[in-house]
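whatever this is, show me its structure:
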Amino acid sequence: MALADATNFPELISPIPGHHDVTYLDLARMVFPDLTAGANGFYDGTVPIEMRHIEGPDSGGSPPATTSLSNAEVLAIKAAGKDRLAMLYDLGYGSDSAEGFAVLALYDLTGKPRLLDAVNVAVDRSTSFREPGKVSIAAGDDAIVTMSTHFNSNQGYVGTMLIMVRNDRFYLIDAIYTFDENYCAYRRTQNLAFRSLGGHKAYAPIKATVTDATVPSEESCDEAPPKATSHDISVTYHWDKAKSRYVKNSDAFEKLSAENAKRF
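The predicted model follows:
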């Protein structure tokens, strides 16, 4: 039985396909060594193993002092032609921090299951795989896409991490920040999509496009609605063999983030 190609949320006590004597809880304990059965189907423990933040040493906060998990989000991927499993554990956020803590873990299940890498990918309160959770960048390689969000009554903040796996370790390709608004007179959304530009050799170019759209409402509001507009902002990432990493052809997303910050 193969692992599902899309993201899903198996119960931690469920056996891993192809490993009837190994459960997702066994994998989780490689990251949270002291997980034990708690109440109402949850598994409780303390902090995870030591790990870096995907954006670098100056990013990320500390994990909550306690962990409580009922499930984790899983995604089967390819890395260097090999089958790998990515699991995402969202630990939420503590009372002293607006930024959450979410562990992206990489496993090799081809023999005895092994933890290959683990990073904190949270840049906001709630973190999950974005839909779709992966982008093909070669015949046997997938890039992973996660997103962190928080919302208030009128605004939505989204931080998207585009991540590749190389030598069984996670590397950030880019962090893309978008911002939505929903008011009486209009709704403004910034929808992000990724597309591989083809090719079976490692690594194919990746095109990321933010569609920034404003839609006026038909409600009776104190302010006049703006005109309907929509435009695309695109950045393409190319593999730089000399630098052994993806590089982007534009700083358009940084400019978008700076413009959005003025509207917070």
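
ok, Ala80 touching Asp141?
Yes - counting by Cβ atoms under 8 Å, Ala80 touches Asp141, with 6.6 Å between them. Glycine gets a C-beta too; all of them are placed from N, C-alpha and C.

overlap in contacts of the two?
Val165 (Cβ atoms under 8 Å, 6 or more residues apart in numbering).

which SSE is the residue nearest to Arg52 when sequence neighbours are not counted in?
Closest residue to Arg52 apart from its sequence neighbours, by Cβ to Cβ, 6 or more residues apart in numbering: Val119 at 5.8 Å. Here Val119 sits within strand 114-120, counting by DSSP states H and E.

specify the angle between the next helix or strand after that strand and strand 114-120 in degrees.
Counting by DSSP H and E, the element after strand 114-120 in chain order, helix or strand, is strand 126-138. Here the directions of strand 126-138 and strand 114-120 differ by 120 degrees (axes from the mean of the first three to the mean of the last three Cα atoms, to 10 degrees).

would you map the helices across the chain?
Per DSSP state H, the chain carries helices over the ranges 24-28, 252-261.

how about CSV for these, with distance to Phe194, mean neighbour count and mean pLDDT added?
What follows is the helices of the chain, written out as CSV (distance: least, Cβ to Cβ, whole Å; neighbours: other Cβ atoms under 10 Å; pLDDT from 0 to 100):
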stretch, distance to Phe194, mean neighbour count, mean pLDDT
helix 24-28, 27, 21, 96
helix 252-261, 12, 15, 96
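
quick one: which of those helices is nearest Trp239?
Of all these, it is helix 252-261 that lies closest to Trp239, at 18.4 Å by Cβ to Cβ.

what packs against the closest one?
strand 169-182, strand 206-216, strand 229-240 (3 or more Cβ pairs under 8 Å, 6 or more residues apart in numbering; DSSP states H and E).

output it as CSV, nothing but the C-alphas.
What follows is helix 252-261, C-alpha atoms only, in CSV (Å, rounded to 0.1, in the frame of the first residue of the first chain):
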residue,chain,number,x,y,z
ALA,A,252,8.9,41.9,-6.9
PHE,A,253,7.7,39.9,-3.9
GLU,A,254,9.8,42.0,-1.5
LYS,A,255,8.3,45.1,-3.0
LEU,A,256,4.8,43.7,-2.6
SER,A,257,5.5,42.8,1.0
ALA,A,258,6.7,46.4,1.7
GLU,A,259,3.6,47.8,0.0
ASN,A,260,1.4,45.5,2.0
ALA,A,261,3.0,46.6,5.3
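
contacting residues around it?
174, 176-179, 190, 208, 210, 212, 233-235.

let's see that with 10 Å instead.
Contacts to helix 252-261, defined as Cβ atoms under 10 Å, 6 or more residues apart in numbering, come from residues 155, 157, 159-160, 174-181, 190, 192, 208, 210, 212, 233-235, 248, 251.

same question, stretch 14-25
By Cβ under 10 Å, 6+ apart, the list of residues contacting stretch 14-25 from outside reads 1-4, 9-13, 26-27, 29, 32, 35-37, 43, 69, 71-72, 74, 76, 83, 85, 87, 107, 109-113.

hmm, which of those are the buried ones?
Buried subset of those (neighbour count, 16 or more other Cβ atoms under 10 Å): 3, 10, 12, 26-27, 29, 32, 35, 43, 69, 71-72, 74, 76, 83, 85, 87, 107, 109.

among those residues, which lie within strands?
Counting by DSSP state E, these place 43, 69, 74, 76, 83, 85, 87, 107 in strands.

ok, the nearest residue to Pro205 once chain neighbours are set aside to Ala208 distance?
Among residues not flanking Pro205 along the chain, Leu197 sits closest, at 4.1 Å (Cβ to Cβ, 6+ apart). Using Cβ to Cβ, to the nearest Å, Leu197 is found at 11 Å from Ala208.

which of the two has more neighbours?
Ala208 (23 against 12; other Cβ atoms under 10 Å).

number of nearby residues for Pro33?
12.

distance of it from Thr236?
Applying Cβ to Cβ to Pro33 and Thr236 gives a distance of 42 Å.

what does Leu109 give?
According to Cβ to Cβ, Leu109 and Thr236 sit 33 Å apart.

fine by me, thanks again.
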